[in-house]
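Participant: Okay, structure incoming, though there's no sequence with it:
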C-alpha cells in the first residue's frame with residue numbers, strides 16, 4: 001500500500017504529462033500482480049468499492065474528534081481524503097504494523113458489506129500511515145483527483161509494454177481488473193489477449209485546430225467540410241447481437257441512452273455526434289443534452305423530454321469488414337447508404353457544406369445556419385480513419401468565443417495541488433434598474449489564468465472576503481468596488497435552474513480587468529440579446 005500511496009502523492013505534485021507517465025510506468029515495473037492491476041483499475045475508475053461512502057467517512061471521523069474542529073480543518077485543507085488522513089488519531093498498531101498490500105486492502109473492503117464496511121475501514125486506517133490512509137480513502141470514495149485520465153493511464157501501459165496505445169484501447173473492454181493477462185502480454189510472458197468482447201470500442205480519429213498559416217499550406221479542393229455540432233462525440237456499435245454506445249474516450253454510456261440503443265438496428269460501428277432533439281428540424285442545446293449525461297440509468301420522463309439522436313460522421317466497420325483504411329469519400333458513400341435504412345428520428349447524416357475557397361468557408365463559420373453549430377470540420381477526401389490526432393487529414397475551425405465582462409462574486413478552494421488556493425470563481429453580471437443594480441451569478445470558471453494570476457486572485461479573495469459559507473467565500477462586489485473578469489465562453493443557453501436564466505458553455509477567465517470599474521461590467525440584457 002505504501003508504494004501506491006507514494007505514487008498518488010507524486011502524481012498530485014507532478015504537473016507535467018511526461019512526468020506522470022514516467023511515474024506510472026516505473027510503478028508498473030516495480031510492482032507485482034495483482035497490485036499493479038488494481039492500481040490501474042483505481043486510476044481508470046474501474047475499481048468499485050460499494051461498502052464505503054463519503055458520508056460514512058465523515059461519521060467515522062466525527063466519532064474521533066470534535067465536529068467543529070473537523071469542519072475548520074476541512075475548510076482549511078479543502079479535500080476530504082487529505083483532511084481525514086491527517087486528523088485520524090495515530091495508533092501504536094500503525095507504528096508497529098508492516099505496510100499492508102494494496103491487494104489485501106482491496107480484498108477486505110470489497111468483501112465487506114454495508115453493515116461491516118465501517119469496521120473494516122477503521123481497522124485498516126488504524127494500521128496505516130498518513131499517506132496510506134490518504135490513498136485508501138481515495139480508493140473507497142472513487143475520486144483520485146491526481147490529474148491522470150483513463151487515456152493517460154492507457155498510454156502509460158503502452159509505454160510500459162512498448163506497444164501502440166490503440167492496441168490497448170481496442171482490447172480494453174474485453175479485460176477486467178486486475179488485468180493479469182494484459183500485464184502478461186506487456187511483459188512478454190504470454191501472448192496478446194484475444195479480443196473477445198462483442199461490439200468493442202475502436203479508438204477515435206481526432207482533428208487539429210486550424211492555426212495561423214495552416215490553410216495556406218493546403219488546397220481547398222482536397223477537403224470536404226462539415227458543420228461542427230455542439231454535442232458529444234460518440235461511437236455507436238452493434239455487432240453479434242450486442243449494442244453499445246461509447247464516449248470518445250471509450251466509456252460505455254449505453255445505460256444513459258436506452259432509447260437510442262434500442263434503435264441501433266444495424267451491424268456496424270458508427271462515429272458521430274450525440275445531440276438532443278428531432279432531426280432534422282430541431283436540434284437542442286448542449287444544456288438539454290446535459291440532462292441525460294453522466295447517468296447510469298435515466299427516468300422515462302427525461303427520455304421523453306430530451307430524446308437523443310446521432311448525427312453520423314463516419315463508418316468504422318460494416319458487417320464483418322473494417323472500413324477504417326478506406327478513403328474518406330468511400331466511407332462516406334457507405335455511411336450514406338446505411339443511414340438511409342435507419343430510424344430517421346435516431347440517426348441522420350452530417351451534411352457536407354459546399355464551399356469554393358477558404359474565404360467562403362470562413363464567412364459560413366462566422367454565421368452558421370443553426371445556433372448549436374460551433375464551427376466547421378475539414379476532412380481530406382483521401383484520408384483513412386487513423387486513431388489519434390494525425391496532423392493534416394482533419395482540422396476543426398471553431399467560431400471565435402463570445403466574451404463578456406463580469407464581476408467576481410464567490411470563490412472556493414481547489415483540489416489537489418490547488419487545495420491551498422481559491423481557484424474556483426463564480427461571477428455575475430448586473431441586473432435590475434440602472435440606479436440600483438444587483439449582481440446575478442451567470443457562471444463559474446476555474447481555468448484560463450496563469451499561476452501568477454492565480455496567486456493574485458487568491459490574495460484578492462482573502463483581502464475582500466465579506467462572508468463565509470463552509471469552503472466558499474463571498475467576495476465584496478459592489479458597483480463601486482469589485483474585480484471585473486473578462487469571461488470567454490463557447491455558447492449560451494436558457495436555463496430554468498439558474499437565477500439569471502442563462503447557462504454558459506465552457507466559461508473561462510481570459511483576462512483580469514484590474515483597470516475596469518465594477519459598474520462598467522456587462523448587464524444581463526447583453527446575454528439575453530445573445531440568446532435572442
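Facilitator: All right, it came through fine. Just so it is clear, the model here is predicted, and its values are computed rather than measured. Numbers count the residues shown, from 1 in each chain.

Participant: Quick one, grab the pLDDT at residue 448.
Facilitator: Looking at residue 448, its pLDDT stands at 88.

Participant: Next: residue 206.
Facilitator: According to the predicted model, the pLDDT of residue 206 comes to 93.

Participant: Find the least confident helix or strand in this protein, judged by mean pLDDT.
Facilitator: The helix or strand of the chain with the poorest confidence is helix 92-96; it has a mean of 58 (mean pLDDT, DSSP states H and E).

Participant: continuing past that one, what's the next helix or strand?
Facilitator: helix 102-111 (DSSP states H and E).

Participant: show me what contacts the most centrally placed residue in the chain?
Facilitator: A centroid search over the chain (C-alpha atoms, centre = their mean) returns residue 149, at 8.5 Å, as the residue closest to the centre. Remark: with contacts taken as C-beta atoms under 8 Å, 6 or more residues apart in numbering, residue 149 is in contact with residue 249. Using the backbone N, CA and C atoms, a C-beta is placed for each residue, glycine as well.

Participant: repeat for the one 10 residues further on
Facilitator: Applying C-beta under 8 Å, 6+ apart, one finds that residue 159 lies in contact with 21, 25.

Participant: Could you check how far it is from residue 192?
Facilitator: In this view, residue 159 and residue 192 are 17 Å apart by C-beta to C-beta, to the nearest Å.

Participant: domain ranges for this structure?
Facilitator: With domains defined by automatic domain parsing, the chain comprises 2-141, 208-398, 402-531.

Participant: Go through those domains and name the closest to residue 198.
Facilitator: The minimum distance between residue 198 and the domains of the chain falls on domain 208-398, with 3.8 Å, by C-beta to C-beta.

Participant: Show me how far the closest one is from its chain's centre.
Facilitator: Averaged C-alpha coordinates place domain 208-398 at 19 Å from its chain's average position (C-alpha atoms, centre = their mean, to the nearest Å).

Participant: any idea which element residue 233 lies in?
Facilitator: When elements are defined using DSSP H and E, residue 233 is found to belong to strand 232-239.

Participant: so how far is residue 43 from the residue nearest to the centre of the chain?
Facilitator: Summarising the geometry, the distance separating residue 149 from residue 43, computed by C-beta to C-beta, is 9 Å.

Participant: moving C-terminal of the host helix or strand of residue 57, what's the next helix or strand?
Facilitator: Taking DSSP H and E as the definition, residue 57 sits inside helix 54-62. Scanning the chain past helix 54-62 towards its C-terminal end, the next helix or strand to appear is helix 67-77 (assignment: DSSP H and E).

Participant: what comes up buried for that following helix?
Facilitator: Within helix 67-77, the residues that qualify as buried are 70, 73, 74, 77, counting by 16 or more other C-beta atoms under 10 Å.

Participant: re earlier: and of the domains of the chain, who's closest to residue 180?
Facilitator: Across the domains of the chain, residue 180 has its closest neighbour in domain 2-141 (5.4 Å, C-beta to C-beta).

Participant: what's the first-to-last distance across that closest one?
Facilitator: The first and final residues of domain 2-141 sit 18 Å from each other (C-alpha to C-alpha, to the nearest Å).

Participant: Any chance you could list what contacts stretch 114-133?
Facilitator: By C-beta under 8 Å, 6+ apart, the residues outside stretch 114-133 that reach it are 1-2, 5-6, 8-9, 50-52, 56-57, 59-60, 84-86, 88, 91, 93-94, 97, 99-100, 105, 108-109, 112, 136-137, 140.

Participant: Next up, the contacts around residue 423.
Facilitator: With the criterion set at C-beta under 8 Å, 6+ apart, residue 423 makes contact with 411, 412, 413, 414, 446, 454, 457, 458.
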